[in-house]
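Asker: turn this into a model:
(3 chains)
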Amino acid sequence: MARYIIKRVAYAVLTLFVLISLTFFMMRMLPGDPFLGDKTVSATTLANMNAKYGLDQPVFIQYLRYMGNCLRGDLGMSIVYNRDVMGIISDSFMVSADLGIRALLFATIMGILLGAVAAVKRGSITDSFSMFVAMVGVSVPSFILGALLQYFLGLQLRKTFHINLFPIQGWGSFNQTILPAFALGLGSLATVSRLMRTSMLDVLSSDYIKTAKSKGLSQRQIIWRHAVRNAIMPVVTIMGPTVAAVLTGTFVIESIFNIPGLGKYFVISIKDLDYTMISGTVVFYGGLLILCTLVVDLLYGFIDPRVKLEE
Amino acid sequence: MEKIEASRFQWVGQSAHDSEAISRPSLTFWQDAVRRLVKNRVAFVCLIVILILTLFSVLAPMFSPFDYREQHYGHTNAPMGTVCNDESVAGFGHTHLFGTDTLGRDIFTRVWMGGRISLTIAVVSALVDLILGSVYGGISGYFGGTVDIIMMRLLEIINGIPYLIIVILLMMIMRPGMFTIIVAYSLVGWIPMARLVRGQVVALKQQEYIAAAEAMGGSPWRIIARHLLPNTLSVVIVRVTLAIPAAIFSEAYLSYLGLGIPLPMCSWGSLAQAGIENFRMYPSQLIIPAICISLTMLAFNMFGDGLRDAFDPKLRR
Amino acid sequence: MKRLLAALLCIMMLLASCAALADTNPNVGMGFYPGTSEKGSISVQIGTMSKMNPILQTYSNEFSIDRHIFENLVRLSAEDNSIVPGAAESWESSEDGLTWTFHLRPGMKWVNTAGEVVADVTAKDFVFGWSELLNPANAAEYYSFATVFKNAQAYYDYVSGVEGAPEVTLDQVGFHAVDDLTLVCELENYLPYLLQYVKFEVMAPIYQPFYEEVGAEKFGTSPDTLLYNGPFRMTDWVLENSVTVEKNDQWYDADKVDLSKIIFVKYTDTNAQLNAFQGNELDVTEVTGEQRNMLKAEGYEPINYAGGYSYFFWVNTTATSDMRSKSLRKAISAAIDRQQVIDTVHKNDNIVSPCVTYGISGVNTESFSDVVVAANGGKGLYAASADVELAKSYLPAALEELGYTDVSQINVVLMTSEGTQNELLSQVVQEQVRKALGIELGIEVLTITESRARRNALEFDMFMGGWGPDYNDPMTDLELFTTTNGNNHTGYSNPEYDALIAKCAVELDPVAREQLFVQAEFMIQEDQPVIPVYWRYDDYVVSEKLVSGFARKPFQALNLIYTKLAE
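Answerer: Residues are numbered from 1 along each chain as shown, chains lettered A, B, ... in the order given. Take a look at the predicted model:
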């Protein structure tokens, strides 16, 4: 058990190391340099700028230094924002995490419910409906969904029906979180509910459910105490990828709804060639994802007695 | 008790053979799968939808009187069903079925041109996934031991790397274009496929017929190619079917970020992205490509589900 | 020399008199879009703002916020863009124009984010601010604004460790605080528009004890690491999202400030902008051409303004590109239907460029471009619509210059920086050229960073770029095309042109000088190192909450200080 955990953690650290190195050298291959303004600057100024951010050293020295700083938890100064990268990330991540958790809760709880109900009432209208919802989630890109939600539920509901329920943009109040969390979570909801339905169907046709039935347990007891509990297992396995999907989706949703989250920095910093910010976000985000996958894998081992962690 | 006349019975002969006869025609795995697929109405409809979308993407731009890049400044942003009034172009007098865009280009032609691009990107990257994944997974699974351990550890590390970051970086380093997009997708997309194939191969390797093949002196490559891969095919086909919509989605997402294919080419993603800027004024410019994306996503996903059911012996009835 | 000064002052006064007044809202009382509900506060859409340390800023959005929270020696009037007193109450220059003395307004205060008075504003704060601008450790991109002062460039080079730079100390640099309220500046060269320089946002004062207390690294990274001496003080800043400023009661003209709070919000999505405006979550926002026409159709009038930007294609005239052929450049220029570009891509009031120079006053006319148009017989130098016959007539010469036998051999790529409008524009031009000349232009969409890198390295054929004037003289645009100019991204080098511009610099008679500039414009038209396309106009809307007093114009992308609100 302990050996397994240590092994997994070692791989996670190795992955992170590869990721950081890969990003570090890849971003140096991006064309241009971070100090390209609309007007050209003199060579002296450029040299001063490079010196200020340590870019005057050979790339390999910069790499070693960066790695060293990373180990000490120092992600450096952002070139574009002229402030501490760690500070920017921690401020904006709080918002992204808040949004992400809401979306994730919505997606998993609703997904499991929808999937379970659909399986129990297989072939009924309820089944068709829940699968329709799931299909919408699978088939509409989030940038289209977000824009439509904002226009119809944000603006038109207010203008036409005078219902001021969903703010159009911004972050802070509970109402401001509803549309973004919904738009962000729907895709994952679809995945979860489809998986849940399949797994539930599997479970419902298994022998122990038949046994439970023949023992005379009520339908409700069978479904909730026996079937759902076991059918959730596969859903847990995809939680890692689901977290990743929700986090990557944040960029689109944040820019549509003007939410001060972390997502935009991935794209902005790459486009601005803000080297420290690019690697900072990658280290942070990559680390987070790797951690999530690790936790989910370990968790799965604890939940499902059939999985032996020693493997 | 009533007496039964012996003459009422008759000796029909003895045939152990007949009693064991299979009364229904024997079906191979594939025949059975096809039969069940055709019976699955939803999957069948999806297959037809896919075929129609593909057919239109291939044929419509060829037969359309308009060129996908031809701009008619006379009537930009025309609504659906407008008749072309520009005498200087070949399409004069023909109808813009889906209207025109900001530059007065025929949306009908563009949508199918975009379909070509989107579907090509999706199918090609799915195929690249398939080939890379099968080879890698096949080798790793078949040889096992140290080779397997090294290859799988490598995979695990690559798999941990967040996909989107690498794709964005790659797309910015390489020249924009269809090739770049396909490379970027395939670079990470083959990993699940490799895992899947490896898992299958490991399971199959323990089967007796493989041992038999080995005993008869079959080379490893022959065994992988002739025995192992064909038997993992069903699982792999399902996976490929589901990888296609994922690629279409990613393409749309990257188009939204401005990392799409070069102008004036278009894909469904870039059409939707352009449409979204104008959807308040001209909703059809968004709705049409959006429907194409959604329909393709739906069709491939549900067809993939159907295939999975068809290949699953447990669901055989 | 004095005559030139007189002439230039005359130009500046002319500019002052002819510029439009501050904007007023034509829609007040319509009942369409009443705006945000909070009293005394407005929400304003803005673009990227990444730094609030005034000496490090480069974006016009950042300058727009600066204008509201810092007070330089002088500022531009919201009414007419003229120079009005700011922190300096009055000023005078010496006979030779090389020494300027500024008298500061007594009683000005530095306040912190909470509005508490920290210290008095003195001449020392300007000296310190400017010396930090020149401090190479800060690596300020716009330090060159301070190099107008005597010895400043030499000091910068010396401290930067440039090889062979003679030793210069800070005391030798030409700005000194004589006492708390008197600032004396010595100039390196004769510069009649010094005031245009000191009004520039990076030339802000900094209170030294506070700066040293928070440290150079932390300074300006949050509302509480800055002190304010302007009409507002920053109270909240969410990076890449919003900046909130509230009224500074200590400001000398605070009685006339109607607004109690401005929230600047960054939007990245134009649909979201319009949705927020129509949903009364936003009071001031820019609108796209399509959106403008939609609002107009509703009966709501957007306001239009000129940012002073001239847009043209930079053309690579060096041997690496097929655009080295002058005839090809002329052919493409004649093949572009400029009005069609505006109508299709922008759908707004952009004007077809009659010449390169824009937004600059003439000696005896409202605009310098009027003189150019008059000299060309009443027509602009660049036609509004395409002239296919003319364009085609250049082709044989172009092929000969390039040594090609067929147009299909011509290989020209339009380098395009990403963005819907840029991409549309490239596609329109691509199609126009294809139709007129049968030349298949390529389009390459790059990020802004990469396109700038390629532009600076002259690795492109054609690239759409804009140029805004730094000061009110045709020189600001026309000196771009001299051989040694650092911003000449064309590789164009014409000794005759260089000589002409050199002559302009020394010509004292304003009318004769203007004629030289007209000659330069004709020379550009003849050689076409750039292909001018349009002068840009932008549209924005304000909610009915704002009545008057706000301004958007050249040199002032946003000025809301004296905005009057509806009751």
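Asker: report the contact partners of the nearest residue to C:Val530 once chain neighbours are set aside.
Answerer: The shortest distance from C:Val530 to any non-neighbouring residue, by C-beta to C-beta, 6 or more residues apart in numbering or on different chains, is to C:Phe312 (4.3 Å). Bear in mind the C-beta positions are built from the backbone N, C-alpha and C, glycine included. By C-beta atoms under 8 Å, 6 or more residues apart in numbering or on different chains, the contact set of C:Phe312 is C:Ser353, C:Val356, C:Met464, C:Gly465, C:Gly466, C:Trp467, C:Val530, C:Ile531, C:Pro532, C:Val533.
Asker: what about stretch B:147-165, near chain C?
Answerer: No: using C-beta under 8 Å from any C-beta of the partner chain, stretch B:147-165 stays clear of chain C, coming no nearer than 15.9 Å.
Asker: residues contacting that stretch, please?
Answerer: Here stretch B:147-165 makes contact (C-beta under 8 Å, 6+ apart) with A:11-12, A:14-16, A:18-19, A:22-23, A:244, A:248, A:266, A:282, A:285-286, A:289-290, A:293, B:136, B:139-141, B:188, B:191, B:194-195, B:198.
Asker: now do 7 Å
Answerer: By C-beta atoms under 7 Å, 6 or more residues apart in numbering or on different chains, the residues outside stretch B:147-165 that reach it are A:11-12, A:14-15, A:18-19, A:23, A:244, A:248, A:266, A:282, A:285-286, A:289-290, A:293, B:136, B:140-141, B:188, B:191, B:194-195.
Asker: among these, name the buried ones.
Answerer: The neighbour count (16 or more other C-beta atoms under 10 Å in any protein chain shown) marks A:11-12, A:15, A:18-19, A:23, A:244, A:248, A:266, A:282, A:285-286, A:289-290, A:293, B:136, B:140-141, B:188, B:191, B:194-195 as buried among these.
Asker: low pLDDT regions in the stretch 51-200 of chain A?
Answerer: Scanning the stretch 51-200 of chain A for pLDDT under 70 picks out nothing.
Asker: which stretches in the stretch 101-250 of chain C count as helices?
Answerer: With DSSP state H, counting those that start in this stretch, the ranges of helices along the stretch 101-250 of chain C come out as C:123-133, C:152-160, C:194-198, C:208-214.
Asker: distance from the first one to the middle of the chain?
Answerer: Same thing as helix C:123-133. Centroid separation for helix C:123-133 versus its chain: 24 Å, with C-alpha atoms, centre = their mean, to the nearest Å.
Asker: other SSEs contacting that helix?
Answerer: Under the contact criterion of 3 or more C-beta pairs under 7 Å, 6 or more residues apart in numbering or on different chains; DSSP states H and E, helix C:123-133 touches strand C:175-179, strand C:182-186.
Asker: identify each buried residue in the first one, please.
Answerer: Pointing back at strand C:175-179 there. Those would be C:Phe175, C:Ala177, for strand C:175-179 by 16+ other C-beta under 10 Å.
Asker: which neighbours in the sheet does that strand have, and how are they oriented?
Answerer: Counting by DSSP bridges, the strands paired with strand C:175-179 are strand C:182-186 (antiparallel).
Asker: now do the strand it pairs with, average pLDDT.
Answerer: Averaging pLDDT along strand C:182-186 yields 94.
Asker: got the angle for that strand vs helix C:123-133?
Answerer: Using axes from the mean of the first three to the mean of the last three C-alpha atoms, to 10 degrees, one finds that strand C:182-186 and helix C:123-133 are set 40 degrees apart in direction.
Asker: buried sites along strand C:182-186?
Answerer: Neighbour-count burial for strand C:182-186 flags C:Leu183, C:Val184, C:Cys185, C:Glu186 (criterion: 16+ other C-beta under 10 Å).
Asker: now the angle between helix C:152-160 and it, please.
Answerer: In terms of direction (the same axes, to 10 degrees), strand C:182-186 departs from helix C:152-160 by 90 degrees.
Asker: ok, residues contacting strand C:182-186?
Answerer: The contact list for strand C:182-186 (C-beta under 7 Å, 6+ apart) reads C:98-104, C:123, C:126, C:149-150, C:174-178.
Asker: now, of these, which are buried?
Answerer: Buried among the contacts of strand C:182-186 by 16+ other C-beta under 10 Å: C:Leu98, C:Trp100, C:Phe102, C:His103, C:Leu104, C:Ala123, C:Phe126, C:Phe149, C:Lys150, C:Gly174, C:Phe175, C:Ala177.
Asker: for the residue nearest to the last one when sequence neighbours are not counted, what are its contacts?
Answerer: With sequence-adjacent residues excluded and distances taken as C-beta to C-beta, 6+ apart, C:Ala177 is closest to C:Ala123, at 3.6 Å. Contacts here follow C-beta under 7 Å, 6+ apart; on that basis C:Ala123 touches C:Leu104, C:Ala177, C:Asp180, C:Leu181, C:Thr182, C:Leu183.
Asker: could you do B:Arg36 as well?
Answerer: Residues near B:Arg36 by C-beta under 7 Å, 6+ apart: B:Ala310.
Asker: do the same with C:Val148
Answerer: C:Val148 sits next to C:Leu187, C:Glu188, C:Leu191, C:Leu194, C:Tyr197 when contact means C-beta under 7 Å, 6+ apart.
Asker: likewise for C:Gln57?
Answerer: Applying C-beta under 7 Å, 6+ apart, the residues near C:Gln57 are C:Lys51, C:Phe63, C:Asp66, C:Glu201, C:Val202.
Asker: scan these and report the most crowded one.
Answerer: C:Val202 (25 neighbours; other C-beta atoms under 10 Å in any protein chain shown).
Asker: look at it and report its pLDDT.
Answerer: The model reports C:Val202 with a pLDDT of 91.
Asker: what's the burial count for the residue nearest to C:Phe210 when sequence neighbours are not counted?
Answerer: Using C-beta to C-beta, 6+ apart and skipping the chain neighbours, the partner closest in space to C:Phe210 is C:Leu227 (5.3 Å). Per other C-beta under 10 Å, the neighbour tally for C:Leu227 reads 26.
Asker: I'd say C:Leu227 and C:Asn112 touch.
Answerer: Yes: using C-beta atoms under 7 Å, C:Leu227 is in contact with C:Asn112, at 5.9 Å.
Asker: name the residues contacting each of these two.
Answerer: Taking C-beta under 7 Å, 6+ apart as the contact rule, C:Leu227 and C:Asn112 both touch C:Val118.
Asker: report how many residues lie close to B:Leu51.
Answerer: Residue crowding around B:Leu51 was assessed by other C-beta under 10 Å; the count is 11.
Asker: show me what the helix or strand encompassing A:Leu99 is packed against.
Answerer: Using DSSP states H and E, A:Leu99 sits in helix A:85-120. Applying 3+ C-beta pairs under 7 Å, 6+ apart, one finds that helix A:85-120 contacts helix A:125-139, helix A:174-204, helix A:229-237, helix A:239-257, helix A:275-303.
Asker: I'd like these laid out as a markdown table, including distance to chain C.
Answerer: Listed next are the helices and strands packed on helix A:85-120 as a markdown table, based on distance: least, C-beta to the nearest C-beta, whole Å:
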| stretch | distance to chain C |
| --- | --- |
| helix A:125-139 | 21 |
| helix A:174-204 | 10 |
| helix A:229-237 | 33 |
| helix A:239-257 | 5 |
| helix A:275-303 | 10 |
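Asker: quick one: which of these is nearest chain B?
Answerer: Taking C-beta to the nearest C-beta, helix A:125-139 is the member of those nearest to chain B, at 3.7 Å.
Asker: the closest one versus helix A:174-204: what angle between them?
Answerer: 120 degrees.
Asker: quick one: buried residues of helix A:125-139?
Answerer: So helix A:125-139, judged by 16+ other C-beta under 10 Å, has buried residues A:Asp127, A:Ser130, A:Met131, A:Val133, A:Ala134, A:Met135, A:Val136, A:Gly137, A:Val138, A:Ser139.
Asker: filter those down to the ones close to chain B.
Answerer: Among these, the residues lying close to chain B (C-beta under 7 Å from any C-beta of the partner chain) are A:Met135, A:Val138, A:Ser139.
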